[in-house]
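Trainee: what follows is a predicted protein model with its sequence.
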Amino acid sequence: MNIKLQLKVMSFLQFFLWGSWLNTFGSYLFITLGFKSEDIGAVYSTLGIAALITSPLLGIVADKWISAKWIYAACHFFGAVTLFIAASVDTPSSMFIVILLNSLVYMPTLGLSNTISYYRIQNAGMDIVADFPPIRIWGTIGFIVAMWAVSLAGFELSHIQLYIGAVASLALSLFTLTLPLVPVAKSNKAYGLVDMLGLRAFALFKNKRMAIFFIFSMLLGAELQITGMFGNTYLHSFEKIPEFASSFVVTHASILLSISQISEVCFILAIPFFLKRFGIKHVMLMSMIAWMLRFGLFAYGDPSVGGTILLILSMVVYGCAFDFFNISGSVFVEKEVDASIRNSAQGVFLMMANGFGCIIGGFVSGKVVDHLTVAGSPEWSTIWLVFAGYSLVLAVVFMMIFKYKHNNSSTATDSYA
């Protein structure tokens, strides 16, 4: 198998196993197992907890002591075991523990898969900038295929989705054994604990501009958790309305949601133009407005013809909401920090967005949904409008306090004040 095909298979399976349950798991917990929204929020917050703990630690281990290949394979093996166990769990406390264990071994693989891909591409004399994106796009395709497979098979509300993820995780673990070793870094330089853990980048919080940026990274990261937890559950709630019970929106909610990932692919291609034309601040503002539209369109959407159009538009703007924040944020960090702490600074960015943001989004949104639930039925329109209002407030405050001046000249540099 040639290098590119190997890496495409790895990327496909990496996200196929996640797509098989991530977006539908909340519906399974809420509808099938009868968990409270607060319990679901706690379960989903495990992704953020793992991003704070094992993602940086295993990255250090892969850099200095054990090849990324072996850590990657071991993580997916234990991930398969935990998903298999989760399929038979039916209590909130037990589910929290099992999914936490799964998150602790899955979240580090997101970075490790990139490490493996970069090494293979560079070692083969290829260009990362030119050759990695066409490989990584297969991860998004894998996520979409998994969502469609689970939906068309009728497993959106079934524990079978977890078995599918477990099988895919085991397959990826075994497939990893066919990959060559990624050598660990060899250096005689002595590192202190602060440098080893990448903590020196936290000094960036002394810079007001960077502190504001990281705080908003956390607050935007919370929005991603909200839509991941309750989007599918919301669409399935229309099953209680007789005229909508057998509609496509209800029976194949996951397929409808997959439009979000398709949109994501398209907006990735538009990022370079928007960054050059409008600059980082305005691109991030576009992301915040897109989040407002994502939730606002959800509030007024339903399985009727007109309502379905609103739901589809909500999926389309998701690509802008997700990509414009994540990619432009990464670019801002890359441009703003010293080269000596660039990797650590990117780690702080991810920690704030995927770590603290994920935890806050899980717990707070769960409480909001529970608070706006009457007689066991969430007031979804009100809930989505609350989240849309949250996004609007973020946009207004960010526009006012984040100082930035952009020059769209191809040779000019952006400036900050």
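Mentor: Alright, I've got the coordinates. It should be emphasised that the depicted structure is a prediction, and the values quoted were computed from it without experimental measurement.

Trainee: remind me which helix or strand the residue lying closest to Met288 once chain neighbours are set aside belongs to.
Mentor: The shortest distance from Met288 to any non-neighbouring residue, by C-beta to C-beta, 6 or more residues apart in numbering, is to Ala395 (3.8 Å). Just so you know, the C-beta spots here come from the backbone N, C-alpha and C atoms, and that holds for glycine as well. Taking DSSP states H and E as the definition, one finds Ala395 inside helix 380-401.

Trainee: likewise for Cys75?
Mentor: In the assignment (DSSP H and E), Cys75 maps to helix 68-86.

Trainee: check Phe267 too.
Mentor: helix 253-300.

Trainee: next secondary structure after that helix?
Mentor: helix 305-336.

Trainee: so which elements touch the helix holding Ala395?
Mentor: helix 208-236, helix 253-300, helix 357-371 (3 or more C-beta pairs under 8 Å, 6 or more residues apart in numbering; DSSP states H and E).

Trainee: what are the buried residues along stretch 16-25?
Mentor: Phe16, Leu17, Trp18, Gly19, Ser20, Trp21, Leu22, Asn23, Thr24, Phe25 (16 or more other C-beta atoms under 10 Å).

Trainee: gap between that stretch and the chain center?
Mentor: Between the centre of stretch 16-25 and the centre of its chain there are 12 Å (C-alpha atoms, centre = their mean, to the nearest Å).

Trainee: got the CA coordinates for it in PDB?
Mentor: Taking Å, rounded to 0.1, in the frame of the first residue of the first chain, the C-alpha atoms of stretch 16-25 are listed here in PDB:
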ATOM      1  CA  PHE A  16     -15.300   7.100  11.000                       C
ATOM      2  CA  LEU A  17     -15.200   5.600  14.500                       C
ATOM      3  CA  TRP A  18     -16.000   9.000  16.100                       C
ATOM      4  CA  GLY A  19     -18.700   9.800  13.600                       C
ATOM      5  CA  SER A  20     -20.400   6.500  14.300                       C
ATOM      6  CA  TRP A  21     -21.600   7.700  17.700                       C
ATOM      7  CA  LEU A  22     -20.500  11.300  18.600                       C
ATOM      8  CA  ASN A  23     -23.500  13.200  17.200                       C
ATOM      9  CA  THR A  24     -26.100  10.500  17.900                       C
ATOM     10  CA  PHE A  25     -25.000   9.500  21.300                       C
END
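
Trainee: what kind of secondary structure is Gly34 in?
Mentor: coil (DSSP: H, G, I helix; E, B strand; the rest coil).

Trainee: what's the mean pLDDT across the helix holding Phe267?
Mentor: Averaging pLDDT along helix 253-300 gives 88.

Trainee: by contact count, what packs against it?
Mentor: Using 3+ C-beta pairs under 8 Å, 6+ apart, helix 253-300 sits against helix 128-152, helix 208-236, helix 248-251, helix 305-336, helix 380-401.

Trainee: CA-only coordinates of the third one in CSV, if you can.
Mentor: Coordinates of each C-alpha in helix 248-251 appear next as CSV, following Å, rounded to 0.1, in the frame of the first residue of the first chain:
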residue,chain,number,x,y,z
PHE,A,248,-36.9,12.3,6.8
VAL,A,249,-35.8,14.9,9.4
VAL,A,250,-36.8,12.5,12.2
THR,A,251,-35.9,9.1,10.7
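
Trainee: can you list the buried residues in it?
Mentor: Buried residues in helix 248-251 (16+ other C-beta under 10 Å): Val249, Val250, Thr251.

Trainee: list the contacts of the first one.
Mentor: Val249 makes contacts with Leu235, Phe238, Leu256, Asp302, Pro303, Thr308, Leu311, as judged by C-beta atoms under 8 Å, 6 or more residues apart in numbering.

Trainee: look up the pLDDT of the closest residue to the fourth one other than its chain neighbours for me, please.
Mentor: Read that as Asp302. Leaving aside its sequence neighbours, Asp302 sits nearest to Phe238 (C-beta to C-beta, 6+ apart; 6.4 Å). Looking at Phe238, its pLDDT stands at 93.

Trainee: quick check, Phe238 in contact with Phe248.
Mentor: No. Look at Phe238 against Phe248 with C-beta atoms under 8 Å: they stay out of range, at 10.8 Å.

Trainee: any residues in contact with both of these two?
Mentor: Joint contacts of Phe238 and Phe248 (C-beta under 8 Å, 6+ apart) are Pro303.

Trainee: next, the contact list for the residue nearest to Asp131 when sequence neighbours are not counted, please.
Mentor: Nearest residue to Asp131, sequence neighbours excluded (C-beta to C-beta, 6+ apart): Ile121, at 5.4 Å. Ile121 is in contact with Ile3, Leu7, Asp127, Ile128, Asp131, Phe132, Ile135, counting by C-beta under 8 Å, 6+ apart.

Trainee: between those residues, which is closest to Trp380?
Mentor: Ile135 (38.3 Å; C-beta to C-beta).

Trainee: neighbours of that closest one, just the number please.
Mentor: Neighbour count for Ile135, taken as other C-beta atoms under 10 Å: 23.

Trainee: ok, Leu13 next?
Mentor: Around Leu13 there are 23 other residues, counting by other C-beta under 10 Å.

Trainee: still on that earlier bit, quick check: mean pLDDT of the helix holding Cys75?
Mentor: Mean predicted lDDT for helix 68-86 stands at 96.

Trainee: and the next helix or strand after it with helix 357-371, angle?
Mentor: Next helix or strand after helix 68-86 toward the C-terminus (DSSP H and E): helix 92-123. Between helix 92-123 and helix 357-371, the angle comes out at 150 degrees (axes from the mean of the first three to the mean of the last three C-alpha atoms, to 10 degrees).
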